[in-house]
Every structure is written in C-alpha cells, then in structure tokens.
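Participant: next comes the sequence, and after it the predicted model I'd like to discuss.
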Amino acid sequence: MNRREFVALVAASAAMTAPIRAFADETCQSPYMPKITGQEEFVYVWTLGVEGMGDEQDKLVTVDLRSDSPTRGQVINSLSVGGRNEAHHGGFSADRRYFWTGGLDTNRIFIFDVHTDPSKPILHKTIETFVKDSGGVVGPHTFFALPGSMMITGLSNDDDHGGRTALVEYNDAGDYVATYWMPTTANMQGAVAVGDAVADGYGYDIRALIRKNVMLTSSFTGWSNYMMDFGQMLQDADAMKRFGNTIVQWDLHTRQPRKVFNVPGAPLEIRFPWGPNANYAFSTTALTSKLWLIYEDEDGEWQAKDVADIGNPADIPLPVDISIAADDQTLWVNSFMDGKTRLFDISDPHKPFQIYEKTIDRQVNMVSQSWDGKRVYFTSSLLANWDKKGDDDVQYLRAFSWDGKELVEDFNIDFYKLGLGRAHIMRFGSSELYSS
Amino acid sequence: MRLLKKILAVSCLAAVVPVLWYAMVTSQAAASRPFAAAFSASEEFQFEPPAPGSYRLNTFKAAPDGHVLDVHGISRNLSDLTGGKISLVSFVYLMCGDVNGCPIAMSTLFEIYETSEKLPDLREDVQLLTISFDPSRDTVEAINSFAYPMQIDEHAEEKLPWHVLTTSGMEALQPILDGYGQVVDRSNDQDVINHLLRMYLVDRQGNIRNIYGLGTIDPRLLITDVETLLMEEGRS
C-alpha cells in the first residue's frame, strides 16, 4: 500500500466534510498564517506617541473597515502601551491570534491579543528582556511568523549601537529560543560573498519562500543613526557611511546564511510573489532609489540585480514600503520624500516599468493592499526623528480604492488632529478568522 | 554489520540515552546516505534537505503531559508513550476534509511509516503519534478503525511504531492542545473544526525541537531532523 492508496483508504472511511473557508488577505504577510476571507474588517495601526500630544504614548489604533458599520472609516479603539518606544513594525503570529509589535528605542516587544475581540485588541504580554535574551541585539524590527515561533530582525546592537545585528527567535508563548547573528567579513558562518559584496552584518526585513527553503534578509542602519535627527544625519558624512549594503540568502530550515549579495544603498522591504512558479523577490534601496530583483537563475543559483529606477535616483526620493499584488503583476512602491506612490508592472520581473503614480501627501511611508488589490491603505510616519518638520509633518491613515486605473480616496484620518501621534505600520484584522 | 546492529539493538533498552552504538553506525551511514535519501522528492518541496547534523535544532519548549486513550481504550500518560523515544506528533481528526489539513499530516506520517521498513534500526528510537482533537467522534472504536491498515500490516514489526490516540473528552484534550500550541477553532457547525496544520518533533527528554506547518511537512525534512537529533545524542 503506497501513500496515495493509504489516503484513499482513510478518506473512504471518513465522512468527508466541506473544507474550511478559503482564505485571502493582505499580500505582505507571512505565508504560514491563515488569511482573511473577503474584505478586511479592521486595520490596526501601530502608532508612535508624540511629546505634548494626547497621552504622548505609543499605541495600537484600531480603525473600523466594516462596510455596514456606522463607524466605518473611524478610530474605534486606541490602546496605549506606556511611554514612547519608537513604535515601528509588527506582525501576527502564525496562528494569527496575536499581533507582535516592537519599539526600536526601548527594545520592548508588545504582544496584543487580537482574537478575543478583533475590534478591541488587548495587551497580552510585554517582553522587556529582548536585549538580554538575544545576547545584545537592539531594535526589534520585522516580526515574521513561523509555525509556533516568531522570527524578529534586529537593527542594531548594544555594543556600538551600529548596524551589526542578528535574527532573534521566540516561541509563540513569548519565550526566547535562539539568536542568529548576521554574517560579517570576520565571521561568514559558511556563507559566500557574491561578487564584490562585503558582509556588513546589518539587518532590516525578512521574508521566506518556503517551497525553495529560501529566506532573505535586508539591511538598514543602526540605533545611532535611526535615533538621530534626519537633517543632522544627512550632514554627517560618517553617519551616512553607516548604512547596510547587503541582502543575505539563508537556509530557512537550518537558519544558516548561504550567500551575501551586494545591494548598495540600504535595501529595505523584501516581498516574494505568490505564484507557484515565481522564484524571485523584490526589494528597493532607500538611498540609491532602485528596484532590485533577487531571483533563482536557470542553474538553480540565486542572484541579485537592480532592474529599475524609482523616480530620479539623484533626487533621493527615499523608497520605503512596497506591496506586491496577489496576482504578481504589479508592485506598489512608496517614496517618503516626495510623498508619492508608484505602481510598477512586474509581469516580467526582470524588466519592471512604472505604469502609474500619485502623490499621497507631503510624506508617505507604509502601504498595505487588500488581497483583491481593490483597496490600498497608506500611512505617514518613517521614524520620530526622520519625519518631516512643520507643515510637512502630516500624520494620517488614508484609504483608497483602486480600479486598475486610478486611486480614489475613500477616507482620510488625521492622526495629529485626533491627538494620536505618528501612524506607522498597518495590519488587517477580521472576526471571520476566529470561530471560537 | 547488519547482524551486529540487530544484536546490539536487542541488547539496548529504548530508553537508554544517548545510544552510542547508534551514533556510530548512523554517522557512517549518514556520511554516505542520509535517511532522507530513502524518500522520493515531491514537487511541492523544491529543495534538497540539509545534511543531517550540519545544523542545530532549537528547543522551543517542553511538550505537555496528559491522559490519552489508545486504540484499545487503555488510558495512557503521554509522557509514558513519548519518554525515551524521538516522536513525530501530529493532531488530526478523522473527519477532516480540508485538503490542506489532516490528510497531509496523515499521508506524510504514513509515507514515513511505510518507508521506515528500509530503515529498520530507527524503530528502536523513533515513533509516530497522532492525537485526535475531535474526541466526541474519534472514539476508541473510530481510531481503531483508522489504525486498521497498520494492524493488518505483516511488516509492522519492521516499521516505526505508530500510536493512534484519542482522549476521553475536551477536559483531557485541551491542556494537551494548549501545551503544544495547537490552535483549534470550533464553530457552530459541529461538522467542521477549523485548525492549523501542525506537526511537532519531540526529543527523548520531552522537549519540542521543531514545529512544522503547511509547506514544511516534507518527509525528507522530518526524517533529516530526526537523524540530526540522533547524531546530536551521539555527540553528547
């Protein structure tokens, strides 16, 4: 009896019931987690507190997206966590019952229960020992769900507050599991530098292509830079040298680095497409304003190359967040300085080209699109000390519909007007995910 | 060599840790032919498994204990079943019709079970466990029927032991689910139990050493992790 015959025998002995719900969701989540059916009901916005504004604290803001709700397009809950931690990124656990968020300055990790009442998250646990647990990692950034655990990228370290850092893994209960330091020239850990790549040990984002057992990490800058005033940093030649120039390919299963690619200019977000034969990922470089492709070549080897400019690189529009459509055909690219979002046709990933652009506001940072691509959301904050000053410092969540030709504004929530602070990362929620 | 291994295997208690003889013979075998080589590659897993022992498996947490029922209705402590062996543990329910759910776990475990005939020495050290999270329908009689293919298998003695288990009810089951971190959502529709597909690698000391989900339940990967644990024991 072979495997197929066994399955048939078991199937025949059991009354086959209807499969559980089909899933669809925001495109940039961990592929391990369940997805939202249909339209998202809530968007959670991890928000930086501002001195002298409201309660001045970082908070998780819940905005109602339910189409039949009288409070649709409004803030329906706000949960402050105590102090300003440089709230930044977050991600759901693989069972999607908890939303993990990090503070880049205080290194605190906040785990919110989003399943008991998805309209009103509860602070479930706070991890205060990230630096000690990890052996010196600073700046918990991306939270990438794995089955039963959370992989967290760091941005810095407590030795020199520079960009050398590590991946840190916790189990779903919030207990420390392991630290995986990024490869450096002094300790490549078995990885190979491709071409003229110099392993800098920096970190930022993390994504994985499970069926290829490939994990990629990107690189940014350390605490001494991301906590510095942006204008001051731009004038500091030494500080400007302290940005990452690498993307690292890892063995997902063993958590061991394999290749270090030269990707100059601080490659930030990494996105894999969803197609079953799509063996590539996109990233953008903040300082050189290029779209990069990390791909598997015909020999089965992974490579990296820049494939397009984003705006005029000489103007340093500063590409930030990106969002790839579920059909793998288009990619939204935000650039902070000019406040623009651009849409690239990526149907040929080796030859992407821009097909649309729109100024969202005077500054823009994060973008999240629904699985069907018909709704696109934008927020405004980059970092507390990097956001624009004066009238250009606008803080918002803006929702748009996308008909394939034009972004049409649906609603606009002014976070400053509501005394909430600086709106950063967004993640969708829905009560449809939980049946008990 | 095969005879020597059999003689040694008989002389060793399964609960004795570490099993030094095993490390000796398996490290030789692994160098030339890892256990994963006994399995054919599936289209859905487009990579070669890592070399066993070339990486470290973390400890995620301790696996919980609890009371379960075997196919004969005998109450057993989970720790008595798992203690002393490396276990691949999965939670399933027999009525599951989700193509991305229990059938994947069951068929993968069955593939490992069947292929283990080619790896007879593993039997002393490795076992499979399935625990139902639908105890009201997965009665002792039901799991006994499920286990029928293994019970009539003439070669069962040369393959991995497979403990097919259920519980007396949710009161006994829930602490086990919570301890492993296996999420189960019960809706108003009693015919459907929403759950995430999970499989757990538990070492002889009762620690969860890896957690697998959809996309990683590759028999080659599972058995490579098992081999890595065996090699780790040999080094200790």
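Facilitator: In hand now; what should we look at?
Participant: so what does A:Asp315 have for phi and psi?
Facilitator: phi -80, psi -10 (degrees, to the nearest 10).
Participant: OK, contacts around it?
Facilitator: Neighbour list for A:Asp315: A:289, A:337-338 [criterion: Cβ atoms under 8 Å, 6 or more residues apart in numbering or on different chains]. (Each C-beta comes from the backbone N, C-alpha and C, glycine too.)
Participant: I'd like the distance between it and B:Val164.
Facilitator: Per Cβ to Cβ, to the nearest Å, A:Asp315 is found 65 Å from B:Val164.
Participant: swap in A:Ala384?
Facilitator: A:Ala384 is 56 Å from B:Val164, by Cβ to Cβ.
Participant: likewise for A:Ile109?
Facilitator: 39 Å.
Participant: which strands or helices does the helix or strand where B:Pro149 lies pack on?
Facilitator: Element membership for B:Pro149 (DSSP states H and E) is helix B:148-151. Based on contacts counted as 3 or more Cβ pairs under 8 Å, 6 or more residues apart in numbering or on different chains; DSSP states H and E, there is no element that helix B:148-151 packs against.
Participant: next, the buried residues of that helix.
Facilitator: Residues of helix B:148-151 classed as buried: B:149-150 (neighbour count, 16 or more other Cβ atoms under 10 Å in any protein chain shown).
Participant: and what of stretch A:357-369?
Facilitator: Within stretch A:357-369, the residues that count as buried by 16+ other Cβ under 10 Å are A:358, A:360, A:363-369.
Participant: just stretch A:307-326 next, same as before
Facilitator: A:307-308, A:310-311, A:316-326.
Participant: nearest to chain B among these?
Facilitator: A:Ala326 (17.2 Å; Cβ to the nearest Cβ).
Participant: that closest one sits in which helix or strand?
Facilitator: Using DSSP H and E, no helix or strand contains A:Ala326.
Participant: touching, it and A:Ala278? I think so.
Facilitator: No: in this structure A:Ala326 lies outside contact range of A:Ala278 using Cβ atoms under 8 Å: 11.5 Å.
Participant: identify the contacts common to these two.
Facilitator: Common neighbours of A:Ala326 and A:Ala278 (Cβ under 8 Å, 6+ apart) do not exist.
Participant: and the pLDDT for B:Ala29?
Facilitator: On the pLDDT scale, B:Ala29 is placed at 47.
Participant: ok, now B:Gly215?
Facilitator: 87.
Participant: which of the residues in stretch A:258-276 are buried?
Facilitator: In stretch A:258-276, counting by 16+ other Cβ under 10 Å, buried: A:258-261, A:263-273.
Participant: just checking, which of the residues you listed belong to strands?
Facilitator: Counting by DSSP state E, the buried residues of stretch A:258-276 place A:258-261, A:267-271 in strands.
Participant: pull the contacting residues for B:Ile217.
Facilitator: So B:Ile217 contacts B:104-105, B:108, B:197, B:199 (Cβ under 8 Å, 6+ apart).
Participant: could you rerun that using 6 Å?
Facilitator: Counting by Cβ atoms under 6 Å, 6 or more residues apart in numbering or on different chains, B:Ile217 touches B:104, B:108, B:199.
Participant: phi and psi next, for the first one.
Facilitator: Main-chain dihedrals, B:Ile104, degrees, to the nearest 10: phi -70, psi -50.
Participant: need the residue closest to the centroid of chain B.
Facilitator: B:Leu88 (1.9 Å; Cα atoms, centre = their mean).
Participant: checking my notes, that one in a strand, right?
Facilitator: Yes: B:Leu88: assigned to a strand according to DSSP: H, G, I helix; E, B strand; the rest coil.
Participant: now the helices for chain B?
Facilitator: Assigned by DSSP state H, chain B shows helices spanning B:2-11, B:20-32, B:78-82, B:102-115, B:140-146, B:148-151, B:170-180, B:219-235.
Participant: isn't A:Asp58 up against A:Gly82?
Facilitator: No: A:Asp58 lies out of contact with A:Gly82 (Cβ atoms under 6 Å); the separation is 7.9 Å.
Participant: local confidence estimate at A:Leu9?
Facilitator: 49.
Participant: ok, now B:Cys102?
Facilitator: pLDDT at B:Cys102 comes out at 82.
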